[in-house]
Each structure stands twice: as structure tokens, then as C-alpha cells.
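Chemist: Got a predicted structure plus its sequence, pasted below:
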Amino acid sequence: MHKDPGAPILRKERWGDYCLLCLKSPAIAREARPGQFMMVRVSDQPYPLLRRPFSIHARTRETVEIFFSRVGLGTNILAQKKTGETLDIIGPLGKGFTTGGGGSKRAKEQEPGRLAPAESLNGKKVFLVGGGRGIAPLYFLGLELKKQGAVPIIFYGGKTKSDLPLADRLKAHKFALLVSTDDGSSGFHGFASAMVEAELNRVAGLPMAFPPLDWADAPRKSRPVRAASYALAGFPARVFACGPEAMMRKIAALADRYGIAAEFSLEAIMGCGIGACWGCARKIRRGDKAEWLKVCQEGPVFKSSEVVWEEDKTNEVSDR
Amino acid sequence: MHKDPGAPILRKERWGDYCLLCLKSPAIAREARPGQFMMVRVSDQPYPLLRRPFSIHARTRETVEIFFSRVGLGTNILAQKKTGETLDIIGPLGKGFTTGGGGSKRAKEQEPGRLAPAESLNGKKVFLVGGGRGIAPLYFLGLELKKQGAVPIIFYGGKTKSDLPLADRLKAHKFALLVSTDDGSSGFHGFASAMVEAELNRVAGLPMAFPPLDWADAPRKSRPVRAASYALAGFPARVFACGPEAMMRKIAALADRYGIAAEFSLEAIMGCGIGACWGCARKIRRGDKAEWLKVCQEGPVFKSSEVVWEEDKTNEVSDR
Amino acid sequence: MADLSIDLGFLKLRNPVLAASGTFGYGLEFAPFIDLERLGGIVVKGLYFYARPGNPPPRLAESPSGLINSIGLQGIGVKAFSQEILPRLAGLRTAVIVNVCGSTNEEYAQVIDYLDRQEGIAAYELNISCPNVEQDGLCPALSPEATHAIVRLAKRTSRRPVITKLSPNVTDIVCIAKAAEEAGSDAVSLINTVLAMAVDVETRRPRLANVFGGLSGPAIKPIALRLVYQAASRLKIPVIGLGGIMSGRDALEFLIAGAMAVEVGTANLVDPEASIRIIQEMEDWCEEKKIKKLKDIIGTLNVASP
Amino acid sequence: MADLSIDLGFLKLRNPVLAASGTFGYGLEFAPFIDLERLGGIVVKGLYFYARPGNPPPRLAESPSGLINSIGLQGIGVKAFSQEILPRLAGLRTAVIVNVCGSTNEEYAQVIDYLDRQEGIAAYELNISCPNVEQDGLCPALSPEATHAIVRLAKRTSRRPVITKLSPNVTDIVCIAKAAEEAGSDAVSLINTVLAMAVDVETRRPRLANVFGGLSGPAIKPIALRLVYQAASRLKIPVIGLGGIMSGRDALEFLIAGAMAVEVGTANLVDPEASIRIIQEMEDWCEEKKIKKLKDIIGTLNVASP
Ligand SMILES: Cc1cc2nc3c(=O)[nH]c(=O)nc-3n(C[C@H](O)[C@H](O)[C@H](O)COP(=O)(O)OP(=O)(O)OC[C@H]3O[C@@H](n4cnc5c(N)ncnc54)[C@H](O)[C@@H]3O)c2cc1C
Ligand SMILES: Cc1cc2nc3c(=O)[nH]c(=O)nc-3n(C[C@H](O)[C@H](O)[C@H](O)COP(=O)(O)OP(=O)(O)OC[C@H]3O[C@@H](n4cnc5c(N)ncnc54)[C@H](O)[C@@H]3O)c2cc1C
Ligand SMILES: Cc1cc2nc3c(=O)[nH]c(=O)nc-3n(C[C@H](O)[C@H](O)[C@H](O)COP(=O)(O)O)c2cc1C
Ligand SMILES: Cc1cc2nc3c(=O)[nH]c(=O)nc-3n(C[C@H](O)[C@H](O)[C@H](O)COP(=O)(O)O)c2cc1C
Ligand code: FES
Ligand code: FES
């Protein structure tokens, strides 16, 4: 956990409403693990006041990247930053995805609450499901998983074709990639969760719940990727997802149905990102107790069994 | 009076803490008179909230210029604006200096309170005294006076040499220019007001109140300008001044002593600049009554006899 | 096109946007910038019976997303207003509301009595909440009794509707608002400015000559919205909401929280076209959301926990 | 180097900067970023006797230059605090102050009684002003009687100094502060957050699940400064000032207005190094102005009109 008050922007990419910034920050890069995030100061003035949280999208020895969509004041200001300007960032923060390895010894010690991976993912198929900007942490995760010998298959969904700016980058890194768009303008026609469901049903040999007709009609060029991605038969050993709440909830239900371990990177409005303000609370089930836990400290990644989805929000907190 | 929400910055000049922006805004330029000002929006966000007032430094048919020094948040933000960006401005505002002519008929009609010039300034010597950023309105005024056949002599003072960034521009326009610096790094060694006093005493044939020894020692290059500027003997027909309160107060006393009509451009913190908020009040003597008048509407230029200087501020407001 | 009109019961407005007192001069100052007839109404600068000099300068200090003022109700008095200004406002097809001030209860009545004899005024807004005229920000709107007394006297005097303008600087806004309601006020407007101050560290002097001033602008919007919601939830008479409204969305927040109309204050200083832009933005929003009558959203805040 | 030390009478501080409760966790969260021993003190998150779940999310909403929170005093309770946290804080050479909460007067006493048996605490700060735990922002600090009762009970119970933390949401801060003083409070700290709310126009829901929340940050600084000045001008006991302090200059404004120490809240969230930076900026300012003892500037505000 470091504060880097002046991380220079080495590279910037823009695709419509999406933006990627590559920042030089060796200390943060060194400790970063997939699923962790950074708190980025948007302005040195009191407006907008709070830092914004962003997943670590990629890292090298010296750099970290963030990938974000412009949704409000803060992200709009960030999208206007130019190469050479510096950003004040704090990271890496929170607990990341459970992978087979990776992360410095120190980083692991700092995370006593993190469950040890139940199994090595080496040689196993894993699903990475990203909706819109939710793809951000999955690129870093996918690379890490590949290093560990796992076979990540990335499901990448968006409203329309232009919501999939990272598709090319992912292909270039030879990820097995399945894309979906709500309007059918690219890949599977429908939600990312429906695409995952179709795929799981296919693996299970079941008739598909939502017959993914458009899937068959998908543009030729997306199919070869698909073909290449199924070297490994059977269900994935794990599902990792990040995206809109509704998408993640659906994926959780699917993972549950098929008994697949799943992890989700959740969002919450954050005051500090370092566990000091209790602002980012989210109802989390641990054992038979549901409590408001700090997403910034205990998460942002939680296991399927832990998350109390928005729909169930009216359940009483157990100790209240 | 116009609001121009998107006046493009056509040219920008920077000298250390000083900055000049040339804005394209034909409607405002057309009506502008020397001594009037504009309200400039610094940010489209609520911080900083208020517009900033700046004198109109120059104009062409299509453009207006502002010249300012960086003193706080707003002026620092403005100084970072780049050519091609636009500014949201309102102007021309307030009542300008009393000159022999100029200004559209309409502009004059809008200013019923303005006293008609007592005399034409054609062929007469006038003093323009600017301290620091106070030079801003005097360049526009000087050009206007020259057009009317007057002979303006500009006294331009600063703390040190780098506070006189406009000296070259003024010389280039063949103004008779006398500069002073508090530290003697350029021209007369002392305050601008002392320089004016020395000059008035000289004209009066009096021993100088503050013997301007350094004046004689001034670098050669500033003296020819001086020599050229005294084609007209005798006292100036009018003094126009803008700068620090203490400087203006001193000039007012001098003008009074020698019976010269003088006008001053005053500053006040402004909320609106258009007479709507009563925020810019300043004690002004009219007849035998002193009232809080709106600097933005009744000023910012006031006659010597009207101004109640800061020192006298404890005097009771007459109708209170 | 959506119907933005609002019926306050005692007053029909073309749309719910009024220009707030003290930030809109006597109205005419804005004629070069906007069509005054597009406004729901204009609340003119606070008027005492006689002309009033106001407080010594500096009268303004900026703060983060806010403005602190200590104008002290400088103004020309009812007579000059009635002679010089009102005739030019009275012709406008927009509601002209006069912000009424007084040093004593009787002065409020005097001002109303004088104005009652003039034409072209739609209502009075009783300014019992200016923090800039007495020591320590004291004003009648801090006490239910004082509020009740002034409102009752005003209502007895006036032939026109009376809106009572309340202060945020109180422990219990509902209690004060109810006092106004019980005394017969036709509506309440809130909030006036929040009592505040600023210090110049270099000179170790207050940044306002008056020491205290009133905070307005976006900084106070969350406070204003809370007070408006509290008052609107408990009153029968209409609530007019204000405090930090800069955009159509800000205004909509107040309507959703229960205000039947809004006033736009500090925004006018920052942008003389603000009030019209706010109306436009609300209209666009209705269009986008297919809302036919803006009044249908008033008080629709859904506070049931999800 | 300037002497920044402050003597509150009951407590000597290395410098006047304390970290404010609720924005600094239990202190240890900041150890990766700053040397905690450079602080004047740490006020830890509010503690009830038992662990407390807090309010449902969303708990935070940003506003212009401000933050609205409705955390609702989530916390681990005195026992877990005493066992897990206090031993790690107690070793630090900085004043540890515990922010004490209660649902009843007795609970305040219970918390104090339990903590009195622990070592390593310099003082208690009675949080009687949190707007996020009862309906409508109600809290004891809105009433002089309730304030007096809790403070008296706390003082009777406690073997340590008691600071009473006051609310800005009152008509008359002096009256409440005097009640605390009369009941024996060793100092007062103010302000807690300003009761506020925000509405999401799209969903027509409050942006905080709790509807109301407390506004903090630069937006409220002018309000806080005014309240601190009012209280400091009228009390004999020390006043600790807070609300929107982001810089050394902000802190100096409070000292000049009469605060003997300050707390830094929201700034810690924005910048975990803020408290140390603020101390540094004050030190630099003293250096520049050749001020030998920072305490000499306390209450030096010159309000004589110029
Ligand atoms: C752990 C974590 C990781 C994230 N990673 C990414 C990422 O990699 N890429 C990306 O595009 N976005 C990411 N987000 C969401 C991102 O933080 C918000 O989109 C962003 O804060 C919006 O800021 P704004 O000023 O543009 O929006 P505004 O709506 O103007 O923000 C107002 C306030 O709400 C908060 N806020 C608004 N939306 C969200 C949200 N969905 N989640 C959390 N806070 C929100 C802001 O931080 C701010 O405090 C992440 C969020 C979290 C919690
Ligand atoms: C009629 C008029 C004409 C002016 N013309 C010029 C000019 O041509 N060139 C130039 O450099 N300056 C000029 N000024 C002064 C200029 O407006 C201020 O320097 C500027 O507003 C400072 O803004 P800031 O945000 O940088 O400073 P800050 O100190 O951060 O400003 C805080 C607030 O105080 C106000 N303020 C601060 N100093 C002054 C001041 N001296 N006068 C009025 N308001 C002030 C600001 O407008 C703002 O509201 C003029 C002022 C007036 C009233
Ligand atoms: C410069 C200024 C002058 C004001 N004068 C008055 C006044 O004369 N009468 C009054 O009732 N309110 C007055 N107010 C208060 C405003 O009408 C309004 O209640 C307050 O500013 C909050 O709204 P805002 O944040 O939109 O400005 C004044 C406010 C400002 C900023
Ligand atoms: C997220 C958050 C949590 C807070 N929790 C507490 C608390 O537990 N106890 C308390 O007395 N004050 C609490 N406060 C109030 C602060 O201590 C402080 O009084 C207030 O925020 C004003 O100061 P600031 O503007 O510097 O933040 C909290 C404030 C915030 C923003
Ligand atoms: S964001 Fe502050 S505790 Fe999580
Ligand atoms: S600045 Fe508003 S009246 Fe002059």
C-alpha cells in the first residue's frame, strides 16, 4: 500500500467513452495483484472532493494501468488528462481474486482474511466474465492465470460493439474470447450472462435456457476464437466476474446451479479506500452471519457464497 | 452588455506572473470603452464559483484583451488556458474613464450618471498612472486619448523590473513612457506616485518633495523617451490612475494639491458585475453625501472628489 | 412540450422557477440577458420602508463551492421602488414578488401597507431570516414566537398572499415552519443563507467587515434540500425550495423532495442566464422522461428502503 | 523551528492537530502512510458498548466540495477495541482519544467505565452529535438539557478528561456549549456534520439509504468557523475546532478564531497524509511569519472595524 503523489501518465488510449491510462509507479506495480484497485485523485481542488476507485487493469515491473468508462465528473476529468501529466494514486488496495499463486509474500501476509486457493488452477479451464468497464480487472487476472498454467476463457459483453474496445487487445494476447452485445452488433446477441449460460448449458449437454440463436449467426471472425477456446472439455474450475450487479447476480446463480466456485469484484461508493471510513459497506455473508463489511478492505473481490445480492438487500443484518 | 459564452482565445502572452489573453468577441468589442471591464468565468464547475472582473486592456473591431497578474486560484486557472480554448465572458460592464469622445451613442445613453467631459482633451497633456496590473485599462485608454488628439504620458510602476512586462508594448506604440520600480531595477527608483510627484513638482518649478536622485541616474535608454514626452509644457489636463489603493490615494492627494481633475479605476470583490447583488459596495461621495455605491455599476472609474479612500473608511455613511 | 405550470393555490406560476431575492437586483438588471417573462417569477431585493445603506465592505468572500455575503439589505426603500422600479416591472407577464424587511414588526406592516396600495405585485415574501442585519445573525425566523407574531401581523395587514422566508440556522425547522403556517402564511420559502464566516490568515481579520455573513451556493444545497424535505413532509401549505440550485437537476431534486416551486439565487450571479437555463433543462428532462406535467413529480421521493 | 505545542490544561499536545473521529479508522489504517507519532492526537472511530452494524448502503454521496455520510457509527464495540486495537495504539507517543457513543445516557457511562479500566487513553470525546443514528438527525447535542445530563454523568463516571463534541444543527451554539461547560466538560469540540440529504433524480430515491446524512468537508468550513468563533468567544474551557480543514491555512483560521486545537476529518479520506501536511504547513507559516509559539496566535482575530 503506497501513496504515489506524482505517477506520470506514460501512455493514454481513448475509444469513445472508454479510456486507458498507463502510469509509472514502480512501488505500486511491484505489489499489485489481480482484482486489487487504486484510489485516484481527480483534482487537487476540493471539487470533486473524493478519490475515485479503479481496478488495476494491467501492470509491468514499473507501471500500472487503469481502464475506465466516462460516467460522471471524475471520470470525465480523468479522461482529459494528457500523457506527461501526473496523477496522485494510492494502491494496491483491497483483496484480489483467488488465483493459484502470484503476489509477493508480503502482499499475502497483508491479507490474512483471504482464503487460500482450494486447488491449483494449473491446466484448468476458467471463465472470466466482464461486462462493460467490468473487463478492467480481468485482463490482469487473465494474464496472471495464464502464467499459472490455467486456460482462461474471457466472456466480454457490452451494450453495443463500441463497448468492447479491449477485444482487439485481448485477441492479440491470444485469449480465448467470446463477445456479446445487447444489440447484436458484435458476437453473441444478448447479455454476457446469457452467453455464459448458453455456454454452460452446452457443456452440460442441456438444451439452452435462452436459445442463443444469434450466437450461431455471429460474424464468422468471432467463431474461430471460440473454436480455439475449447481445448478443455467440461465445466470451468472457476468463474471470475466483474460488471453490472444484475450480470454478476445472474452469473452467481449459474455458478451455483452448476456448483462452480465463483468470485466477483464488487463496486461501492468509497470514501477512503483504505478501511478508515466505513463508507463502502456491503452486506456480506460469512458463516451464517451477514454483516456490513468494508468492500475496500475485505473486497472488492468476494466469493459467490459471500455476496448478498442487491435483490435480497431487505434481509435483516443478523446482529441488528 | 453581452454575455458571450464561448469567446475563443486567439492569442496568449505570458511573462512570469503576468498574462495577456486576446479574445474574439465582436459584440463586446464593439461597445467597449476604456475603463470598462468584463466578468470572466474561470471554471464551469462550482469551484471557483464566481466570475472574476478584469479591465478591458485593448480592443479591435472583433477582439478584446485582458491583462492580469496571477494572484489566486482564479487567475492561476486563467493563466493556464490555451489558445483555442474558449472563455465565457460578460461585458462591457460599468462606466469607464471620462475622455473627450469615443464610445457608441448607445453606450453613452446607457450611462446617464456619467458626467460629460468638462473640456475636450484635444492637444492636451494627460497623465496615465498604472501600478502593476493597474496598467491594464490604461493601454486602451491611452490609445483612445491619442485618437482624440490628447498627449498621454504613461507612468508605469512596479516592484521590480519584471513587473513591467508591458513597457515594450507601450514604447512600441510610441507612448511617452516613464517607468519606476520600488527596487530601482528599472527607471525611477521609488513608487509610481513618487515619480508622478517628482514630475508635477518639476513642472511647478518646486523643489522635489522626494528628490528623485535615481531618476537622474536612470538607465540611458529610458531617458530619451522622457525627453520626447514633454512637448507640452505645464500641468496635465487630467490624471487617470489604476493600481494599488495606496498609490491611488497618493495620486489623488497630488491631483488635489495641484487642482488637476483625476479619475481612478477602483477594485472591489464582485459577485455579479451587473448591479444585481450589492456586493461591490464602496463608499462614494456625491454632493455632500457619502453612500455605499456599486463599483460595478457606478464605477469602476470614479472621480477624485468622489472617492473616500480606505484610510478615511471610518467616516460615518451619511444616511445611516 | 411538457406543462411546467404550477398552482400554489394563491398564485399560478408559468413554471416553478423564481429568481431569489438579493441575487436578482430589482429584476431589470437581467433584462439585457434574458426574457424576464419566461420566468415563473421574480423576487426582488429585500426592501425596508426607507432606503438602507447596508454593511461596510468587504461584503463578499468566496468559499469552496460557496459564497459568503454580508450585504446587509442595502436597498432603495419602498417609495423609490414603487416610483422608479415597479412601473417597469408591473408590465411584465411574470409574477413579481416583493421581499419585505423590517427592523420591527411594525415596519414589516408599514412596508406591506405601502405596497398594498401599488399595483403589479403578486405576493410578498417576508424576509424574517436575513443573518446580516443583527448581531450574531439574529433574526425573527430563529424563534417560533417571533415568526408567528410577524406573520400574523403581515397577514392581517396584507391584501396579498404572504410567503414566509425561513432560516436554516435553527434546531427544528418544522416547529418554525408550523408557526408560520398557523399564523396564516400562504407558503414558506427556504432556505435563506447559512450563518458563516471566513478569516484572512495574513491580516488576522475577518474576510467580511461585518465578521459574519450568509453562506449560499452549491455548498449548501444538501443542507437546503434536507430542510425543504423536512418542512414539506410536515406542512399543509406549499414549500418553495432554494439553496444552491445551479441546474435543472438541482431544481428537480427540490421538487421531488416536496417543494412546489424553487428559487434560484447565487446561480444568477455566476450566470445571468442561469434561471432560464434551469427552466430549459427541466423541460428537456420532462421531454426525455415523457413526463407531461412537471407538477406530477412534486413530493414523489421514494424513501422506502429498497 | 516554531513551537507548535498546545496545552489544553488537561492535556498537552505536541501540536494542535488531531485526526477526527470516523475519518481515521482506529488509527492503524494510516500507519502505512504517515508517522502517527507526529500527530497531536488521534480520535478513534465512535464506539458503542457493543459492536454496531451501522446503516445500510449507500452510505456516502458527494456534493460540491462536500461529502454526505450516513455510516451510522458502525464499529467493533469497546471490548474488541480494547483487546485488538488499543494495545497497538497505546504504545504510540501521541494522544489517543476515544470517541464515545451511546443509545442511552447509561451506555455512555458504561463505555467510559469499561475504557477507564484500560490504559493508553488520553481523553474521551463524547459524541452526542452524530446525526446518523436517530430519525430526523436527532441527537442529545440539540438540547442544552440533554447535553448537560450526559456530560454530567460522563464526568462523574470518568477518571479521564472529557471533551464534548457538539452539533452545528442548532439555533444557539453558545447555549449548548455552556450547558456542556457547566456540566463539567473539560473542552468542547465542534462541529460534527451538518444534517443534509441528496436526491437521485433518475430513481427519485434519496442518494443515501438512510435518507439523511451528515455533510462534511470544505463546503462546511465557513459554517464551522462561525460556530467555533461563537463558542470560543463565550466559553472558558478550550474549544477544539473542526469542519472542512484541508490545509494549514484552514487550520490557522480556526486557531485565529479561538480554537486551541483542531481536528482534521474528511481531508484524511482524500489524502491519508493530510494531517501531517497540515502540521507541516502550519510550521512553515510560523517560520515565514517569525512566529515562535503557535499558541500565541490563538484567538487573535481582530474584529475591530478598520
Ligand atoms: C473497487 C472498485 C473498482 C472499480 N474499478 C473500475 C474500473 O476499473 N473502471 C471503471 O470504469 N470503473 C471502475 N469502478 C467504478 C468507478 O469507481 C466509478 O465509475 C467512478 O468512481 C465514477 O466517478 P465519476 O466521478 O465519473 O462519477 P460520479 O457519478 O460523478 O461520481 C459521484 C460519486 O459516486 C462515486 N461513484 C459513482 N459511481 C460509482 C460506482 N459505480 N462505483 C463506485 N463509486 C461510484 C464516485 O466515486 C463519486 O464519489 C470501480 C469501482 C470500485 C469500487
Ligand atoms: C473592475 C475590476 C477590474 C479589474 N481588472 C483587473 C485587470 O485588468 N487585471 C488584473 O490582474 N486584475 C484586475 N482586477 C482584479 C482581479 O479581479 C482579481 O485579481 C481577481 O479577481 C483575483 O482572483 P483570484 O481567483 O486569482 O484570487 P483569489 O484571491 O483566489 O480570489 C478570491 C475572491 O476574491 C476576489 N478578489 C480577489 N482579489 C480581488 C481584487 N483585487 N479585486 C476584486 N476582487 C478580488 C476574487 O474575484 C474572488 O471572488 C480587477 C478588479 C476589478 C474589480
Ligand atoms: C448577495 C446575496 C444577497 C441576498 N439578499 C437577500 C435579500 O435581500 N432577501 C432575502 O430574503 N434573501 C437574500 N439572499 C438569500 C437568497 O435569496 C437565498 O435565500 C440564498 O442565497 C440561498 O440560495 P442560493 O444558494 O441559490 O443563493 C441573498 C443572497 C445573496 C447571495
Ligand atoms: C465518514 C465519516 C464518519 C464519521 N464518523 C464520526 C464518528 O464516528 N464520531 C464522530 O464524533 N464524528 C464522526 N464524523 C464527523 C467528523 O469527525 C467531523 O466532525 C466532521 O466530518 C467535520 O469535519 P471535516 O469536515 O473535517 O470532516 C464522521 C465524519 C465522516 C465524514
Ligand atoms: S472506502 Fe473507506 S472504509 Fe472502505
Ligand atoms: S458586483 Fe454585484 S452589484 Fe456589483
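Modeler: Cool, the structure landed. Ligands and ions are numbered 1, 2, ... in the order given.
Chemist: can you give me the helices in the stretch 101-250 of chain C?
Modeler: Along the stretch 101-250 of chain C, counting by DSSP state H, counting those that start in this stretch, helices occupy C:105-116, C:144-157, C:173-182, C:221-234, C:248-256.
Chemist: Mean neighbour count, mean pLDDT and distance to B:G259 added to those helices, as JSON lines?
Modeler: All C-beta spots, glycine's among them, are computed from the backbone N, C-alpha and C. Below are those laid out as JSON lines (neighbours: other Cβ atoms under 10 Å in any protein chain shown; pLDDT from 0 to 100; distance: least, Cβ to Cβ, whole Å):
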{"stretch": "helix C:105-116", "mean neighbour count": "19", "mean pLDDT": "96", "distance to B:G259": "46"}
{"stretch": "helix C:144-157", "mean neighbour count": "20", "mean pLDDT": "97", "distance to B:G259": "54"}
{"stretch": "helix C:173-182", "mean neighbour count": "22", "mean pLDDT": "98", "distance to B:G259": "60"}
{"stretch": "helix C:221-234", "mean neighbour count": "26", "mean pLDDT": "98", "distance to B:G259": "55"}
{"stretch": "helix C:248-256", "mean neighbour count": "25", "mean pLDDT": "98", "distance to B:G259": "56"}
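Chemist: Where does pLDDT dip in chain C?
Modeler: C:305-306 (pLDDT under 70).
Chemist: Which residue does it have closest to chain A?
Modeler: C:P64 (4.4 Å; Cβ to the nearest Cβ).
Chemist: can you tell me which of the helices of the stretch 101-250 of chain C comes nearest to D:E106?
Modeler: For the helices of the stretch 101-250 of chain C, the distance to D:E106 is smallest for helix C:173-182, at 28.6 Å, taking Cβ to Cβ.
Chemist: Okay, angle between that closest one and helix C:144-157 too, please.
Modeler: 20 degrees (axes from the mean of the first three to the mean of the last three Cα atoms, to 10 degrees).
Chemist: What is the helix or strand hosting A:L200 packed up against?
Modeler: Assigned by DSSP states H and E, A:L200 falls within helix A:192-204. Under the contact criterion of 3 or more Cβ pairs under 8 Å, 6 or more residues apart in numbering or on different chains; DSSP states H and E, helix A:192-204 touches strand A:125-131, strand A:151-158, strand A:176-181, strand A:188-189, helix A:245-257.
Chemist: Which positions within it qualify as buried?
Modeler: By neighbour count on 16 or more other Cβ atoms under 10 Å in any protein chain shown, the buried set for helix A:192-204 is A:A192, A:S193, A:A194, A:M195, A:V196, A:E197, A:A198, A:E199, A:L200, A:N201.
Chemist: ok, now stretch C:293-306?
Modeler: C:L294, C:K295, C:I297, C:I298, C:G299, C:L301.
Chemist: Name the residues that touch that stretch?
Modeler: A:310, A:313-314, C:2-7, C:15-16, C:229, C:232, C:252, C:255-260, C:282, C:286, C:291, D:56, D:199, D:203-206, D:209, D:211 (Cβ atoms under 8 Å, 6 or more residues apart in numbering or on different chains).
Chemist: try it again with 7 Å
Modeler: Contacts of stretch C:293-306 with the rest of the structure, by Cβ atoms under 7 Å, 6 or more residues apart in numbering or on different chains, involve A:313, C:2-4, C:6, C:16, C:232, C:255-258, C:260, C:282, C:286, C:291, D:56, D:199, D:204-206, D:209, D:211.
Chemist: and those near ligand 1, which?
Modeler: Of the residues in the contacts of stretch C:293-306, proximity to ligand 1 by Cβ under 6 Å from any ligand atom holds for none.
Chemist: Mind giving me the ChimeraX command for buried ones among the residues you listed?
Modeler: Burial among the contacts of stretch C:293-306 is assessed by 16+ other Cβ under 10 Å; the matching ChimeraX selection reads:
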select /C:2,4,6,16,232,255,256,257,258,260,282,286,291 /D:56,199,204,205,206,209,211
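Chemist: Please name the nearest non-neighbouring residue to C:A179.
Modeler: Among residues not flanking C:A179 along the chain, C:P144 sits closest, at 3.7 Å (Cβ to Cβ, 6 or more residues apart in numbering or on different chains).
Chemist: Return the residues in contact with that neighbour.
Modeler: Contacts of C:P144 (Cβ under 7 Å, 6+ apart): C:C175, C:I176, C:A179.
Chemist: Quick one: the strands in the stretch 51-200 of chain C, in order.
Modeler: Secondary structure of the stretch 51-200 of chain C (DSSP state E, counting those that start in this stretch): strands located at C:60-63, C:66-69, C:95-100, C:123-127, C:162-165, C:187-190, C:194-197, C:199-200.
Chemist: How far off centre is the fourth one?
Modeler: Distance, stretch centre to chain centre, for strand C:123-127: 9 Å (Cα atoms, centre = their mean, to the nearest Å).
Chemist: Show me what it packs onto, helices and strands only.
Modeler: strand C:95-100, helix C:144-157, strand C:162-165 (3 or more Cβ pairs under 7 Å, 6 or more residues apart in numbering or on different chains; DSSP states H and E).
Chemist: partners of the shortest one, with directions?
Modeler: Using DSSP bridges, the strands paired with strand C:162-165 are strand C:123-127 (parallel), strand C:187-190 (parallel).
Chemist: residues making contact with it?
Modeler: For strand C:162-165, the external contacting residues (Cβ under 7 Å, 6+ apart) are C:97, C:123-129, C:147, C:151, C:154-155, C:180, C:185-190, C:192, C:240.
Chemist: And the helix or strand hosting A:C19, what does it pack against?
Modeler: Assessed by DSSP H and E, A:C19 sits inside strand A:18-24. For strand A:18-24, the packing partners by 3+ Cβ pairs under 7 Å, 6+ apart come out as strand A:2-15, strand A:63-69.
Chemist: Pull out the buried positions in the next helix or strand after it.
Modeler: As assigned by DSSP H and E, the chain's next helix or strand after strand A:18-24 is helix A:26-31. Across helix A:26-31, burial judged by 16+ other Cβ under 10 Å covers A:I28, A:A29, A:R30, A:E31.
Chemist: Is helix A:26-31 positioned near chain D?
Modeler: No - judged by Cβ under 7 Å from any Cβ of the partner chain, helix A:26-31 stays clear of chain D, getting no closer than 11.2 Å.
Chemist: Report the rounded mean pLDDT for that helix.
Modeler: Average pLDDT, helix A:26-31: 96.
Chemist: Cool, thanks, talk later.
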